[in-house]
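Peer 1: Using only what follows, build the 3D model:
(2 chains)
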Amino acid sequence: MTNPNMETLLVAGIDIGSSAVKVAVMEDRGEKGADLLFGRGERIRKRDPHQVAADLFEHALSEASVRRDRLAYVATTGEGEGVPFRTGHFYGMTTHARGGRWMDPEAEAVLDVGGLHARAVKMDEKAKVLGYRMTSQCASGSGQFLENISRYLGITIDEIGPLSLQAQNPEQCSSICAVLAETDVINMVSRGIPTPDIIKGIHQSMAGRYLRLLNSIGIKKVALVTGGLAADVGLLQAIREAGESQGLKLEIRSHEHSMLAGAIGAALWGGYRARKLAAKGIGLGLGGAGA
Amino acid sequence: MSAADPKTLAERSEEIYRDYEFTTVRRWKERTGGLAIGYMPIYVPRELLHAQGCLPVGILGGGDDLEIIRGDAFYQSYICHIPRSTIELGLNGSLDCLDGMLFPAICDVIRNLSGIWKLKFPDKLSRYLDVPQVFEPELGGMFYRHELEELASELERRGAKPLEPEALRESIRVFNENRALVREVYDLRIREPWKVPSAELYVLMRAGLVLPVEEFTAMLREYLDGVRADEDRKPMDQARILLTGSFCEQPPLGLIKTLERAGCYIVDDDLVQIHRWLLHDIPEDGDPMDRLVQAFLDDSMESPTRYIDERGKGKELVERVEGSRAEGVIFCAPSFCDPALLDQPMVVKAVEKAGIPWTAFKYAENNGQFQVIREQAGTFADSIKLWSGV
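Peer 2: Modelled structure (predicted):
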């Protein structure tokens, strides 16, 4: 264990998503707070996600100057149940709630927008999940959908947000079905609609869905966007505008580490569990996370 | 000699469990010329079959690999899956190697299946094994003894050896030896669940339904030696769960794996229940038939298929939770399973009264998608680890 008195623990979180792996190494001081020593996300790009996770984990330890055997807990989340060196696994909503709360203590909810789906998670001040709503099976509210669109438009995923902010006359797009939305986009391209207006239209349709999720769990004040799409400034702007147009006072925030929310939350819950188990005198032998 | 690799043993067991041709049974018949007698869940006195030179073969449905073509024609949509797949196995020839089938008293569906079996396979032994619901020796005991004597006579008429007391005593000894090892492996799972993954234990127990008991005993010994020697099996931070409701139709192996991956250690369950139906060894002295009967009356597991006063329902489960140091209960019953689902509200009440966290879902033996169960089990494990007093 890092510190026999459990005041400061080194913990790691690994979040395997559908399109990217995220790793966070943290110094956790319990109720006194926690610091992110190193965090990074890496796109999977048709590789074995577990290998990507293992490589990124090693890299993160090296960057954080932390030895494996100093870690009190290696927590996984997302699709990380198969990581062989994990100490424990937490469900995605649990970890996004915790990570979101660490980033923004005022947030009542996280809006986790990932590669395959989006979900709004309501939590209390201890990051306990109180309720949630998810997008349905259709992928039109997800990062994967945006990636497909960027391919059709011949732009990179990083260009999507800034281009969206340049829109003058956003073109309305289907918010029901990814296939219909993609057909809409092909039509718009053939009609010569400028790329920023197409993207903004897509962002607006996604924003409408996300607002409905947040409304349905009763979020009125602050929601923090987490997951890979939290970096999309155009999407954030579209959600804020949609809220304003509905007369809502809901504040939509993001954080520089929003993409790492799952990994950070997993690491912090890991620290919590390490203390809880130690208090009960239960040793885990670091669950294979030792050197 | 180095210990056997438990993973290899589990792989071999899974092959046996998934073998719809029952190759091991066919080989045993070729080798011995004895009768192979199938039985449905939950309990039959295998010692009696063994003493008459028969091979007891557990038939727990068709699992998730079997395509049901004719089986559905025999049952309405609101009936569970196990009778459909069992009929399918009978009609597609998989069970040709069996000389008979026993249908213990579980529920009306299985009773009905015994009737269908008689009609479809008139040349084979087909017997509904009625078991007592009154546990006084002079009533239920006498009835059960008579039932077993009739079964023994019928087996003898079909070519089995006559039932001799000394042979029955020896069979009791052989099964006691097996039961002791079964208890040992389950006890090890309670103490160190990371050493005995439930998916491995499950296929091992399933293989034990079709192998001769002596082979199964040897396999258990090898497995125990193997897991004890395997230092790569390390503990993880998982919620300790007791799984209940799966005593008849079995969940697909994928469901058990899903629960483990979602963050649960299954530390106790009622899967493949026959191996643990009798809680202790059967005494090897005295009249062996009396001992066999008495063991059923006095030493059986609590089960929804066995009469329990309504006020007592759930008491045994709460004791098992304490005994296995489980931190929560998952009620995991087959869809449309009357015994499990009718008892569940009363058992839930007892579990809640004891302050034990629980969750519930249903399955069918041929389920192939576990995403919803994965999420439910994952959040349940999280709630135990983070928010309960555990």
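Peer 1: what's the neighbour count on the closest residue to chain A within chain B?
Peer 2: Residue nearest to chain A within chain B: B:Asp237 (3.2 Å; CB to the nearest CB). In this view, the C-beta of every residue, glycine as well, is placed from N, C-alpha and C. A count of nearby residues for B:Asp237, using other CB atoms under 10 Å in any protein chain shown, gives 25.
Peer 1: Model confidence for it, exactly?
Peer 2: We have a pLDDT of 95 for B:Asp237.
Peer 1: Contact partners for the spatially closest residue to it that is not a sequence neighbour?
Peer 2: Setting aside the residues directly before and after it, B:Asp237 is nearest to A:Gly88 in space (CB to CB, 6 or more residues apart in numbering or on different chains), at 3.2 Å. A:Gly88 is in contact with A:73, A:75-76, A:270, A:273, A:287, B:236-238, B:263, B:385, counting by CB atoms under 8 Å, 6 or more residues apart in numbering or on different chains.
Peer 1: In ChimeraX, how would I select just the buried ones from these?
Peer 2: Buried residues within the contacts of A:Gly88, by 16 or more other CB atoms under 10 Å in any protein chain shown, are selected in ChimeraX with:
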select /A:73,75,76,270,273,287 /B:236,237,238,263,385
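Peer 1: mind listing the helices for chain A?
Peer 2: A:49-64, A:92-103, A:143-153, A:157-165, A:178-190, A:195-216, A:233-245, A:261-279 (DSSP state H).
Peer 1: Next step: the contacts of A:Gly88 restricted to strands.
Peer 2: Judged by DSSP state E, those include A:73, A:75-76 as members of strands.
Peer 1: Low-confidence stretches in chain B?
Peer 2: For chain B, residues meeting the criterion pLDDT under 70 lie at B:1-2, B:390.
Peer 1: Which helix in it has the most residues?
Peer 2: Longest helix of chain B, by residue count under DSSP H: helix B:165-191.
Peer 1: That one - contacts with which helices or strands?
Peer 2: helix B:46-51, helix B:198-210, helix B:213-229, strand B:264-268, helix B:288-298 (3 or more CB pairs under 8 Å, 6 or more residues apart in numbering or on different chains; DSSP states H and E).
Peer 1: relative orientation of the shortest one and helix B:165-191 in degrees?
Peer 2: Between strand B:264-268 and helix B:165-191, the angle formed by their directions is 150 degrees, by axes from the mean of the first three to the mean of the last three CA atoms, to 10 degrees.
Peer 1: Check the longest one too.
Peer 2: Comparing the axes of helix B:213-229 and helix B:165-191 via the same axes, to 10 degrees yields an angle of 20 degrees.
Peer 1: just checking, what packs against helix B:213-229?
Peer 2: helix B:6-17, helix B:165-191, helix B:198-210.
Peer 1: so how far is that helix off the chain centroid?
Peer 2: 18 Å (CA atoms, centre = their mean, to the nearest Å).
Peer 1: Could I have the CA atoms of that helix written out in PDB?
Peer 2: Extracted C-alpha coordinates of helix B:213-229, given in PDB (Å, rounded to 0.1, in the frame of the first residue of the first chain):
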ATOM      1  CA  VAL B 213     -19.100 -40.700 -10.200                       C
ATOM      2  CA  GLU B 214     -15.600 -42.300  -9.700                       C
ATOM      3  CA  GLU B 215     -14.300 -40.300 -12.700                       C
ATOM      4  CA  PHE B 216     -15.900 -37.100 -11.400                       C
ATOM      5  CA  THR B 217     -14.400 -37.600  -8.000                       C
ATOM      6  CA  ALA B 218     -10.900 -38.000  -9.500                       C
ATOM      7  CA  MET B 219     -11.600 -34.800 -11.600                       C
ATOM      8  CA  LEU B 220     -12.600 -32.800  -8.500                       C
ATOM      9  CA  ARG B 221      -9.400 -33.900  -6.700                       C
ATOM     10  CA  GLU B 222      -7.300 -32.800  -9.700                       C
ATOM     11  CA  TYR B 223      -9.100 -29.500  -9.900                       C
ATOM     12  CA  LEU B 224      -8.700 -28.800  -6.200                       C
ATOM     13  CA  ASP B 225      -5.000 -29.600  -6.400                       C
ATOM     14  CA  GLY B 226      -4.700 -27.400  -9.500                       C
ATOM     15  CA  VAL B 227      -6.400 -24.300  -8.200                       C
ATOM     16  CA  ARG B 228      -4.500 -24.500  -4.900                       C
ATOM     17  CA  ALA B 229      -1.200 -24.600  -6.700                       C
END
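Peer 1: related to what we said a few turns ago, report the separation between the residue of chain B closest to chain A and B:Leu386.
Peer 2: 11 Å (CB to CB, to the nearest Å).
Peer 1: Kindly report the same for A:Met93.
Peer 2: 12 Å.
Peer 1: Looking only at neighbour counts, state which of these two leads.
Peer 2: Taking neighbours as other CB under 10 Å, A:Met93 and B:Leu386 compare with A:Met93 leading, 26 against 20.
Peer 1: Apart from its chain neighbours, what residue comes closest to the more buried one?
Peer 2: Per CB to CB, 6+ apart, closest to A:Met93 is A:Val121, 5.0 Å.
Peer 1: For that neighbour, list the residues it contacts.
Peer 2: Here A:Val121 is in contact with A:93, A:96-97, A:100, A:109-112, A:129, A:131-132, A:217 (criterion: CB under 8 Å, 6+ apart).
Peer 1: Any idea what it is bridged to?
Peer 2: Taking DSSP bridges as the rule, A:Val121 bridges to A:Val110, A:Tyr132.
Peer 1: Next one, pLDDT for it please.
Peer 2: 95.
Peer 1: what do you get for A:Ala139?
Peer 2: Value listed for A:Ala139 in the pLDDT field: 60.
Peer 1: now A:Tyr152
Peer 2: At A:Tyr152, pLDDT is 84.
Peer 1: what do B:Asp237 and B:Leu386 both touch?
Peer 2: Counting by CB under 8 Å, 6+ apart, the residues touching both B:Asp237 and B:Leu386 are A:Arg273.
Peer 1: ok, now how distant is A:Ala34 from B:Lys257?
Peer 2: Counting by CB to CB - A:Ala34 and B:Lys257 are separated by 33 Å.
Peer 1: Work out which residue lies at the spatial centre of chain A.
Peer 2: A:Gly227 (2.0 Å; CA atoms, centre = their mean).
Peer 1: ugh, wrong one, I meant chain B
Peer 2: Note: chain B centre (CA atoms, centre = their mean) maps to B:Val272, 1.9 Å.
Peer 1: Excluding chain neighbours, what is closest to that residue?
Peer 2: The nearest residue in space to B:Val272 (CB to CB, 6+ apart) is B:Met205, at 4.0 Å.
Peer 1: isn't the one you found right up against B:Asp269?
Peer 2: No. Using CB atoms under 8 Å, B:Met205 makes no contact with B:Asp269, being 9.9 Å away.
Peer 1: Have a look at the two and say which one is more surrounded.
Peer 2: B:Asp269 (28 against 24).
Peer 1: So what does that one have for phi and psi?
Peer 2: In terms of degrees, to the nearest 10, the main-chain angles of B:Asp269 are phi -160, psi 180.
Peer 1: Contact partners for B:Arg12?
Peer 2: When contacts are counted by CB under 8 Å, 6+ apart, B:Arg12 is found next to B:Ala207.
Peer 1: how far away is the residue of the stretch 101-250 of chain A found nearest chain B from A:Glu244?
Peer 2: With CB to the nearest CB, the shortest gap between the stretch 101-250 of chain A and chain B falls at A:Lys128, namely 6.3 Å. To A:Glu244, A:Lys128 is 30 Å away according to CB to CB.
Peer 1: Show me which of the two is the more surrounded one.
Peer 2: A:Lys128 (16 against 11).
Peer 1: Is the residue in the stretch 1-150 of chain A that chain B sits nearest to bridged to anything, and to what?
Peer 2: The nearest approach of the stretch 1-150 of chain A to chain B comes at A:Gly88, 3.2 Å away (CB to the nearest CB). With DSSP bridges as the criterion, A:Gly88 is bridged to A:Ala75, B:Asp237.
Peer 1: what sits against the closest residue to A:Leu250 other than its chain neighbours?
Peer 2: Residue nearest to A:Leu250 in three dimensions, not counting chain neighbours: A:Gly243, with 4.9 Å by CB to CB, 6+ apart. Residues near A:Gly243 by CB under 8 Å, 6+ apart: A:211, A:250, A:252.
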